[in-house]
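> Got a predicted model here, sequence first, then my questions.
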Amino acid sequence: MKILNLYGSLNGQTEKVALEIEKEAVRAGHEVSTFNLKKEGILFELLDYDLTFIGSGVYTWLPGKAVQGWIDRQLMHARDNNLILPGSPRIPGKFACVYCTYAGPHTGEAEAVPAIKYMGQLFDHLGITVADEWAVVGSFVPKKMQHFNTSGRLGDIEGRPNADDLKQVRGKVAGLLGSLEPCMV
Ligand SMILES: Cc1cc2nc3c(=O)[nH]c(=O)nc-3n(C[C@H](O)[C@H](O)[C@H](O)COP(=O)(O)O)c2cc1C
């Protein structure tokens, strides 16, 4: 499969997940292009890829600014090229996997859901099937916010995503790639 691996990461937490995705997909023999959306700020022809991963940290229940900005630009590009059709017909063999890292300090996993759904809508509008959605726990990095890592709805999330979280990510990547193999056209 030709895989696009996109992420936005303010403090490096989502980047840890994105790099595991790259590692596992390459190990499984796929062609992977990884981009940090903050650094690159560029547009992609999403339909050139069989599978796109997109991930972001969660900021006030939504993806971070780098990812939101990229979605706005990508949406404008899609509209300019008439790629968004009424009913958003499914395009065979085109998939996305949407994930976030989040800390859920106030309402727990509910804070991850809007961010994941927001990112997924870009792909859904284009007819790209969102094949999987992941919410990965990611602790607060800024010192002045670290008290949330032990006082929030998720309990003690210090040091996450940890080695076990990243192992689970690799397992999910392998599972997803295996499940999509028969759908490739
Ligand atoms: C300023 C700030 C605001 C945040 N807001 C939320 C939030 O509303 N909900 C949440 O679940 N996590 C929130 N977090 C935690 C981050 O989503 C989490 O640490 C994430 O793993 C960061 O990923 P990144 O470093 O890749 O951007 C916030 C973190 C910071 C620094």
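Cool, got the structure.
> which stretches of the protein form helices?
Shown for the chain, the helices assigned by DSSP state H span residues 13-27, 37-40, 65-80, 112-126, 148-151, 163-180.
> Check which residues of the helix or strand bottoming out on mean pLDDT in the chain are buried.
Confidence across the helices and strands of the chain bottoms out at helix 37-40, with a mean of 81, counting by mean pLDDT, DSSP states H and E. For helix 37-40, the neighbour count (16 or more other C-beta atoms under 10 Å) marks Leu37, Lys38 as buried. No exception for glycine: its C-beta is placed from N, CA and C like everyone else's.
> Likewise for stretch 13-26?
For stretch 13-26, the neighbour count (16+ other C-beta under 10 Å) marks Gln13, Thr14, Glu15, Lys16, Val17, Ala18, Glu20, Ile21, Glu22, Lys23, Glu24, Ala25 as buried.
> and that stretch with the ligand, contact?
Yes - Stretch 13-26 reaches the ligand (C-beta under 6 Å from any ligand atom) through Gln13, Thr14, Glu15.
> gap between His30 and Arg79?
The gap separating His30 from Arg79 is 30 Å, by C-beta to C-beta, to the nearest Å.
> These two: which has the busier surroundings?
Shown here are His30 and Arg79; by other C-beta atoms under 10 Å, His30 has more neighbours (17 against 11).
> any idea how far Phe53 is from the spatially closest residue to the more buried one that is not a sequence neighbour?
Among residues not flanking His30 along the chain, Met1 sits closest, at 4.8 Å (C-beta to C-beta, 6 or more residues apart in numbering). In this view, Met1 and Phe53 are 11 Å apart by C-beta to C-beta.
> Looking at those two, which one has more neighbours?
Phe53 (26 against 18).
> Look at that one and report its pLDDT.
In this model, Phe53 is scored at 98, pLDDT.
> just Tyr49 next, same as before
Reported pLDDT for Tyr49: 98.
> Pretty sure Lys2 is one of the things it touches, is it not?
Yes - if you go by C-beta atoms under 8 Å, Tyr49 and Lys2 touch, sitting 5.1 Å apart.
> So for the two, which residue has more residues nearby?
Tyr49 (22 against 13).
> so what's the more buried one up against?
Counting by C-beta atoms under 8 Å, 6 or more residues apart in numbering, Tyr49 makes contact with Lys2, Ile3, Leu4, Lys94.
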